[in-house]
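Visitor: Got a sequence here, can you build the structure:
(chains A, B, C and D)
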4 protein chains.
Amino acid sequence: MAYVDVKNREKAIKMIENRGVTIEEIANVTLLIQKEYIPELTLEDCVENILKVLEKTEVQNVIFTGLALDMLCEQNLLPDPLDKMVKSDYSLYGVDEILALGIVNVYGSIGFTNFGYVDKVKIGVIKTVDEMGKNTDKCMTFMDDIIGGLAAAAASRIAHNRYGKIIGK
Amino acid sequence: MAYVDVKNREKAIKMIENRGVTIEEIANVTLLIQKEYIPELTLEDCVENILKVLEKTEVQNVIFTGLALDMLCEQNLLPDPLDKMVKSDYSLYGVDEILALGIVNVYGSIGFTNFGYVDKVKIGVIKTVDEMGKNTDKCMTFMDDIIGGLAAAAASRIAHNRYGKIIGK
Amino acid sequence: MAYVDVKNREKAIKMIENRGVTIEEIANVTLLIQKEYIPELTLEDCVENILKVLEKTEVQNVIFTGLALDMLCEQNLLPDPLDKMVKSDYSLYGVDEILALGIVNVYGSIGFTNFGYVDKVKIGVIKTVDEMGKNTDKCMTFMDDIIGGLAAAAASRIAHNRYGKIIGK
Amino acid sequence: MAYVDVKNREKAIKMIENRGVTIEEIANVTLLIQKEYIPELTLEDCVENILKVLEKTEVQNVIFTGLALDMLCEQNLLPDPLDKMVKSDYSLYGVDEILALGIVNVYGSIGFTNFGYVDKVKIGVIKTVDEMGKNTDKCMTFMDDIIGGLAAAAASRIAHNRYGKIIGK
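Guide: Sure, this is the predicted structure:
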């Protein structure tokens, strides 16, 4: 697979961690949604799959863009009326979902379902950041959809590996 | 809004009903997911919104295509290997989700979340048709995603109407 | 149609004009791609359709987000490595296309073709802004895809109006 | 990469060839659109990339579904009103484009532009099949978008390989 970038993956991981979320927490969302289908799945397996998803430049670029918007929002640098919508995680804003779908799409349409589910039910760390965004000065508008997108993409990757016919590379 | 077609809407409704699902059942899925946010929402409101969603030619065309594939599958007219994947509602077959996203997209990205949620949790009639597909000769592979897409699109429409700034028509 | 916002439409138009592009120039792209199918189509028709497309909140939100990123880039406020990719309109960045598809999708999948075409061939004002982005300090990375998305969406709207069965509003 | 299936790739290739199109003809579309950027690109390179794209199960599933619809249309087995729309390659049908985007998306959003371009300009074999669909009893409604999707996806893969930072696999 040629469109991977390990250097930019490290930058993406660093950016996510600087915003207060660990790769393990994201992987745990994947574990929570896949465990009923694959009981022997471990957190380590999920971390490994999140790291593979994070190798993709498409995925990294969505992370760089979305987290930049969250950070610039906190610094009051977004122009009106974008500012108000991102600050309040306005439910009719939708651009955060458009970006997250960009992550999910890399692993195929089978990920749409998982993305929607974790986003609505606010599983694990998604709940944490969603509350952080509502109750503190932190802006987590793009972060929570990015986490959902990563978790769903990793779940798709695991499903493909598990159930798909694995022939060739 | 010019791309509506009331005649084809009647055809789409008839096709859905002939496949064993009522508009009320689909509207009830919308009610189940929206009621926590809008307690005074009624089943009638939801039916009205499903009917508005069904006016869109984009939506109708997905319904005509998906339900045709379900019916042709039951008649053993789909070629190999499509036949096996549609018959078994193979989880890595994803084209049913791609089509359903075509319905959801007409009302914007805010619908992605609801679509994924109802599809995974199998709310209301989605559960009914999913079991019908697994336990009988009926093929409901495209139908269940179509129901989810319609219910999510109607939920988006209600949200836009409710929370968006309503100016103009 | 309930999810329109005329006040935010004025803000979106103002933002586009402040960035150096007029609604007429965008409408002219639509005219250039539709004229071979509809010879009697006028620039005024196209302007009217661009204005209708701009009423949609989904469309406005993409514009607010994309143009904010262009402006913040010019002010050197985007973090690394987003900064370099947006400044150079890096061909493998792709988030600008993801956002523009968000505009096109509102009018259905028939717009994908027109969007890709105007984006590759760089028709009319798209060529102007693309060169401005390459040869000056201005950043037009998101602007050129936004123009393409608006022009393609308006072309879809015209096609639906023209060739679709027009019943109801 | 785990979600490849070499056996189903052979089935997909066979299905495309049985419908009257060769892999070389599709690869030639990729060559035509990439040659201005990569003068040393050969038809062989493009064939190799089309074959890699065809390994993906997401891509295969779109091909199996779309070409089945074309074939069933020729056999007059599609129900009304789907039948008329697919037979006439109705410009407002759009589901063929939705499916083709499913192919393009696997290689990221940078492919949207190429897909739209080849679909509108009708390059190479796309022109051939488009005319076949219009002037004979053959139905090429899904085929022409599938060709465009494959050609654009291969062009994306080549671009990623060429210009992206190639580290790791």
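
Visitor: Output stretch A:70-90 in PDB, but only the C-alpha positions, please.
Guide: What follows is stretch A:70-90 as a C-alpha-only set of coordinates in PDB (Å, rounded to 0.1, in the frame of the first residue of the first chain):
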ATOM      1  CA  ASP A  70     -11.000  22.900  17.300                       C
ATOM      2  CA  MET A  71      -7.800  24.600  18.400                       C
ATOM      3  CA  LEU A  72      -8.400  27.800  16.400                       C
ATOM      4  CA  CYS A  73     -11.900  27.900  17.900                       C
ATOM      5  CA  GLU A  74     -10.500  27.800  21.400                       C
ATOM      6  CA  GLN A  75      -8.200  30.700  20.500                       C
ATOM      7  CA  ASN A  76     -11.200  32.700  19.200                       C
ATOM      8  CA  LEU A  77      -9.700  32.800  15.700                       C
ATOM      9  CA  LEU A  78     -12.600  31.500  13.700                       C
ATOM     10  CA  PRO A  79     -14.600  34.100  11.900                       C
ATOM     11  CA  ASP A  80     -18.300  34.600  12.500                       C
ATOM     12  CA  PRO A  81     -20.600  32.700  12.000                       C
ATOM     13  CA  LEU A  82     -18.400  29.600  12.000                       C
ATOM     14  CA  ASP A  83     -17.200  30.600  15.500                       C
ATOM     15  CA  LYS A  84     -20.500  30.200  17.200                       C
ATOM     16  CA  MET A  85     -21.400  26.900  15.500                       C
ATOM     17  CA  VAL A  86     -18.100  25.200  16.300                       C
ATOM     18  CA  LYS A  87     -18.000  26.600  19.800                       C
ATOM     19  CA  SER A  88     -21.500  25.200  20.600                       C
ATOM     20  CA  ASP A  89     -21.000  22.000  18.600                       C
ATOM     21  CA  TYR A  90     -24.200  23.100  16.900                       C
END
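
Visitor: model confidence over it, on average?
Guide: Taken as a whole, stretch A:70-90 has a mean pLDDT of 96.

Visitor: and that stretch, anywhere near chain B?
Guide: No - Stretch A:70-90 is not in contact with chain B by CB under 8 Å from any CB of the partner chain; minimum separation 8.5 Å. Any C-beta I mention is one placed from the backbone N, CA and C, and that applies to glycine too.

Visitor: Same question for stretch A:104-113.
Guide: Yes - applying CB under 8 Å from any CB, one finds that stretch A:104-113 is in contact with chain B at A:Gly108, A:Ser109, A:Ile110, A:Phe112, A:Thr113.

Visitor: so what secondary structure elements neighbour the longest helix seen in chain A?
Guide: Secondary structure of chain A read by DSSP state H shows that its longest helix is helix A:141-163. In this structure, helix A:141-163 packs against helix A:23-34, helix A:43-53, helix A:57-74, helix A:82-87, helix A:95-104, helix A:112-121, helix A:125-135, with contacts taken as 3 or more CB pairs under 8 Å, 6 or more residues apart in numbering or on different chains; DSSP states H and E.

Visitor: Mind doing that once more with 7 Å?
Guide: For helix A:141-163, the contact count by 3 or more CB pairs under 7 Å, 6 or more residues apart in numbering or on different chains; DSSP states H and E identifies helix A:23-34, helix A:43-53, helix A:57-74, helix A:95-104, helix A:112-121, helix A:125-135 as packing neighbours.

Visitor: and the fourth one with helix C:95-104, angle?
Guide: Right, helix A:95-104. Counting by axes from the mean of the first three to the mean of the last three CA atoms, to 10 degrees, helix A:95-104 points 120 degrees away from the direction of helix C:95-104.

Visitor: how far is helix A:95-104 from where the chain is centred?
Guide: Helix A:95-104 sits 9 Å away from the centroid of its parent chain (CA atoms, centre = their mean, to the nearest Å).

Visitor: again, but for the last one
Guide: In terms of CA atoms, centre = their mean, the centre of helix A:125-135 is set 14 Å apart from its chain centre.

Visitor: Show the end-to-end separation of stretch A:81-97, please.
Guide: Distance across stretch A:81-97, first residue to last, is 18 Å (CA to CA, to the nearest Å).

Visitor: How about residues contacting it?
Guide: By CB atoms under 7 Å, 6 or more residues apart in numbering or on different chains, the surrounding residues in contact with stretch A:81-97 are A:66, A:69, A:73, A:78, A:133, A:139, A:141-142, A:145, B:108-110, B:112-113, B:159-160, B:163-164, C:8, C:11, C:57-58, C:61-62, C:64-65, C:68, C:99, C:102.

Visitor: now stretch A:104-117
Guide: Surrounding stretch A:104-117, the residues in contact under the criterion CB under 7 Å, 6+ apart are A:33, A:56, A:58-59, A:100, A:148-149, A:152-153, A:155-157, A:159, B:91-92, B:94, B:97-98, B:101, B:112-117, B:119-121, D:58, D:102, D:105-106, D:108.

Visitor: Poorly predicted segments of chain A, please.
Guide: A:1-3, A:164-169 (pLDDT under 70).

Visitor: wait, what's in contact with A:Met71?
Guide: Counting by CB under 7 Å, 6+ apart, A:Met71 has contacts C:Pro79.

Visitor: got the contact list for A:Ile146?
Guide: A:Val62, A:Ile63, A:Gly66, A:Ala100, A:Ile103.

Visitor: And for A:Ala153?
Guide: Neighbouring residues of A:Ala153 by CB under 7 Å, 6+ apart: A:Val53, A:Ile103, A:Val104, A:Val106, A:Tyr107, A:Gly111.

Visitor: follow-up on the earlier one: the contacts of A:Ile146 also near chain C: which ones?
Guide: With the criterion set as CB under 7 Å from any CB of the partner chain, the members of the contacts of A:Ile146 near chain C are A:Val62.

Visitor: so how far is chain B from A:Ala27?
Guide: 19 Å (CB to the nearest CB, to the nearest Å).

Visitor: what's the burial count for that residue?
Guide: In terms of burial, A:Ala27 registers 25 neighbours under the definition other CB atoms under 10 Å in any protein chain shown.

Visitor: How about the contacts made by it?
Guide: With contact set as CB under 7 Å, 6+ apart, A:Ala27 has these partners: A:Leu43, A:Cys46, A:Val47, A:Ile50.

Visitor: one step back: return a selection command, for use in PyMOL, containing the buried ones of the contacts of stretch A:104-117.
Guide: Only the buried entries of the contacts of stretch A:104-117 go into this PyMOL selection, using 16 or more other CB atoms under 10 Å in any protein chain shown:
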select buried, (chain A and resi 33+56+58+59+100+148+149+152+153+155+156+157+159) or (chain B and resi 92+94+97+98+101+112+113+114+115+116+117+119+120+121) or (chain D and resi 58+102+105+106+108)
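
Visitor: picking up where we left off before, just the contacts of A:Ile146 now: which is nearest chain B?
Guide: Nearest to chain B, judged by CB to the nearest CB, of these is A:Ala100 at 8.1 Å.

Visitor: these two touch, right, the closest one and A:Gly149?
Guide: Yes - shown here, A:Ala100 and A:Gly149 form a contact pair, counting by CB atoms under 7 Å, at 3.6 Å.

Visitor: Who wins on neighbours among the contacts of A:Ile146?
Guide: Neighbour counts for the contacts of A:Ile146 peak at A:Ile103, which has 31 neighbours (criterion: other CB under 10 Å).

Visitor: Pretty sure A:Asn49 sits against A:Ser156.
Guide: No - A:Asn49 lies out of contact with A:Ser156 (CB under 7 Å); the separation is 9.2 Å.

Visitor: Roughly how far does the nearest residue in space to A:Asn61 that is not next to it in sequence sit from C:Tyr107?
Guide: What sits nearest to A:Asn61 in space, not counting adjacent residues and going by CB to CB, 6 or more residues apart in numbering or on different chains, is C:Val95, at 5.3 Å. According to CB to CB, to the nearest Å, C:Val95 stands 21 Å off from C:Tyr107.

Visitor: how about the closest residue to A:Leu72 other than its chain neighbours, phi and psi?
Guide: Spatial nearest neighbour of A:Leu72, chain neighbours left out: A:Leu78 (5.5 Å); criterion: CB to CB, 6+ apart. With angles defined as degrees, to the nearest 10, A:Leu78 shows backbone torsions of phi -90, psi 140.
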